[in-house]
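Visitor: need a 3D model of the sequence below.
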Amino acid sequence: MKASARVASPGADDLRRYGTIRAAMPALAADLSAEDLAAQSMPDASPGKWHLAHTSWFFEAMILAAEPGYKPVDPRLQQLFNSYYESLGRRVERHERGLMTRPSRDEVLAYRAEIDRRMADRIGRGFGDPLEAYLFVLGLHHDQQHQELFLMDLLNLMSRSPLDPAAYDVEPRPGGPLQPGRGGQTRFEGGLVDIGHDGSGFAFDNEGPRHRAWLEPFLLDHDLVTNGLWLAFMADGGYRRPELWLADGWAVVKTEGWDAPLYWRQDDGEWTVLGLAGRAQVDPEVPVRHISAYEADAFAHWTGKRLPTEAEWESAVATAPDVFSNLFGEVWQHTSSAYSPYPGFRPTEGTASEYNGKFMANQRVLRGGALATPPGHTRATYRNFFYPHQRWAFMGLRLASDAPAGERARIEDLETARFRAELVAGLSRPEKSVSPKWFYDAAGSELFEDITRLPEYYPTRQEAALLREMAPGLTRHFGDNAVLVEFGSGASEKTRILLDSAPTLQAYVPIDISPDALNAAAAGIAEAYPHMEVAPMVGDFLNLAPLPELGRGRRVGFFPGSTIGNLEEDQAVAFLANARDRLGPSSLFILGVDLVKDPAVLIAAYDDAQGVTAAFNRNLLVRANRELGADFDLDGFAHVAVWNLERSRMEMHLRAARDMEVHIGGAVIPFVAGEIIHTESSRKFTEASVTGMAEAAGWRVVSFQKSPDPSVALVLLAA
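Guide: Prediction:
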């Protein structure tokens, strides 16, 4: 990877981001004792005090020390807190870090504070050199890695005590809440796929370069393996059957006496597990944690399946992320892939060349992210790695299997493959459903624009009128050289209202899943506003890619049309939190929401007299027939719109008129008369529900303004 492609954010944003990330580890340490932070439980782990110091040393050694005439805070600390950088001189060996009782915890925190003070000054002067700018961002991600290591190592330390101590009252979960399982698996056709980071935004050097890999057809489970399944494996003699194990793994089982995952223990016939909040009974519904690659491989053999390769995992996640549960927030997921360099790999220049490359031997790759992984630190291309016997990390597994080859090899673009995978997965559930994002091909986008002009459909008119009224006040908050980022931009019609009130806006980034609609809208905006850079991004706003580095001002998110009402509550919070991370710490967000009102008004808006909404709903099936070769009988499904009072939302369905079977490639989907496909939910809000949702995602409500009846609202949020 070339350092010249990596550009840091403006200084003010850099400083805020630095402060936010650097505050996380001291917060984790705040209520721990000096003894908790000083002890080392095993050679693979490090004391909490060392993590606090080493992450500060990294900024000093990599960035501050590069300045001519730099004087270290304390030269003696260079040897103490160097991890494995041979080019920087002598260091304390890893297994002896717990013997370093000096400096004290308070002295380490003072060292950390002084590094933060010096870094604030350095950040304020800006990073002109691209490599230096990259090293700064690398340092932030390095700190986040050690936040997770801090929790891993602390839990291992707690496990060494017969008291089963709880490190925290409540388990820290910076990665977010556990998601419920979905059941099933999705088939992926494979073929020639692109793997690895594409160079936009930050990535570790081992994630690139992007390259091609050939994949045979495969299946990947939607859910992680649970404790309940693992208990069944144990009950069937999983730890006593050598035929299930790799030879090296079986040798470790015998040597170490493994009979359960790490931190499990049988108490009075019941299995319990130690976590960061103490010991508790093993919950059979929760994904299993703390298993080695050897254990994961043995379990896969027991089930008759296998571990996915890292290329399969990444390709599946790039194709259909929405079909999976707990991709990034529960456990790192074992793969069968050895940790080795990609074709054309080049380590980062300078001292940081030792960061990843020299470990590319005898280790296995894990993908995803864990409950202890800080928000904003995960990516689909992230390559974590551990030795196959290690299990103190938050590691679990998701199973794969070979799929029979289809009748013919499919060569299709990523969007078509994603549509196929998500449609088949959604229609294979007991309660059939499809994401409303698949409404919006070119024809669907045109139909929706027709809907917005119907007399019954009030939201677009009311929101546009309110936006015209509020635009001058909203755009005053933008400042100079701001970047407007619109999520699900569609035809970008309302965007022009904001653009007309923001003459100093430097760039506009529309994001939409439909390439045709996006490119047409972006071209129109570029022609009408030639002074402004327009950078369209094809993509799913629920799985945001890093935004392009445009402009030097603040970033402003724009999400009109009450599209957020299409998301489930947890999805909406996750989207807003992810958008906040992508937009940056000084960002603003303009959110449009529809409000609770008379159900008769709502039903008329979603079931118009001319039948345009019905055609819009059925266009989903038209698209599936055209793009996927499906055989939906368009006359066999009726449009249905209902008000769900309990969940405060309008719902659209397609109801089967008779028993039938639908074919989508090799998948056969049965329907019975009256069965429905849930195609869209549109939640309606109150000021209190919007505020709760925004605050749960880390935003602050600055203003909430309503239109006249039938009321909608525009909400200004600040990070």
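Visitor: for the lowest-mean-pLDDT helix or strand in the chain, buried residues please.
Guide: Sorting the helices and strands of the chain by mean pLDDT, DSSP states H and E puts helix 77-81 at the bottom, at a mean of 76. Within helix 77-81, the residues scored as buried using 16 or more other C-beta atoms under 10 Å are 77, 78, 80, 81. C-beta: built from backbone N, CA, C; applies to glycine.
Visitor: where along the stretch 101-250 of the chain do the helices fall?
Guide: Here the stretch 101-250 of the chain has its helices, by DSSP state H, counting those that start in this stretch, at 105-124, 130-159, 227-235, 247-256.
Visitor: likewise for the stretch 301-450 of the chain?
Guide: 310-319, 414-427, 442-452.
Visitor: with residue 278 as the reference, name the closest of those helices.
Guide: Across those, residue 278 has its closest neighbour in helix 310-319 (32.6 Å, C-beta to C-beta).
Visitor: quick one: mean pLDDT over that closest one.
Guide: In this model, helix 310-319 has a mean pLDDT of 95.
Visitor: pretty sure residue 321 contacts residue 327?
Guide: Yes - applying C-beta atoms under 8 Å, one finds residue 321 in contact with residue 327, separated by 6.4 Å.
Visitor: those two: which has the busier surroundings?
Guide: Remark: of residue 321 and residue 327, residue 327 carries more neighbours, 23 against 17, as counted by other C-beta atoms under 10 Å.
Visitor: which phi and psi does the more buried one have?
Guide: Main-chain dihedrals, residue 327, degrees, to the nearest 10: phi -70, psi -40.
Visitor: how about it, what does it touch?
Guide: Residue 327 makes contact with 317, 321, 368, 369, according to C-beta atoms under 8 Å, 6 or more residues apart in numbering.
Visitor: same question, residue 714
Guide: 463, 466, 467, 470, 474, 560, 590, 591, 592, 593, 705.
Visitor: just checking, the fifth one touches residue 505?
Guide: By that I understand residue 474. No - contact between residue 474 and residue 505 fails when scored by C-beta under 8 Å: they sit 11.8 Å apart.
Visitor: still on that earlier bit, does anything pack onto the least confident helix or strand of the chain? Which helices or strands?
Guide: With contacts taken as 3 or more C-beta pairs under 8 Å, 6 or more residues apart in numbering; DSSP states H and E, helix 77-81 sits against helix 48-62.
Visitor: what about the strands in the stretch 401-550 of the chain?
Guide: Assigned by DSSP state E, counting those that start in this stretch, the strands in the stretch 401-550 of the chain fall at 483-487, 507-512, 533-534, 537-538.
Visitor: okay if I get these as CSV plus mean pLDDT and distance to residue 613?
Guide: Below are those laid out as CSV (pLDDT from 0 to 100; distance: least, C-beta to C-beta, whole Å):
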stretch, mean pLDDT, distance to residue 613
strand 483-487, 93, 23
strand 507-512, 91, 20
strand 533-534, 92, 31
strand 537-538, 84, 26
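Visitor: mean neighbour count, those strands: which tops it?
Guide: With neighbours defined as mean count of other C-beta atoms under 10 Å, the strands of the stretch 401-550 of the chain peak in mean count at strand 483-487, which reaches a mean of 26.
Visitor: now that strand against strand 507-512, angle please.
Guide: In terms of direction (axes from the mean of the first three to the mean of the last three C-alpha atoms, to 10 degrees), strand 483-487 departs from strand 507-512 by 10 degrees.
Visitor: quick one: distance of strand 483-487 to the chain centre.
Guide: 19 Å (C-alpha atoms, centre = their mean, to the nearest Å).
Visitor: which outside residues touch it?
Guide: Applying C-beta under 8 Å, 6+ apart, the contact partners of strand 483-487 are 478, 492, 495, 498-499, 502, 505-511, 541, 547, 550-551, 553-560, 563, 575, 579, 582-583.
Visitor: how about stretch 67-75?
Guide: 60, 64, 65, 78, 111, 114, 115, 118, 122.
Visitor: endpoint to endpoint, it covers what distance?
Guide: Here the two ends of stretch 67-75 are set 16 Å apart, with distance taken as C-alpha to C-alpha, to the nearest Å.
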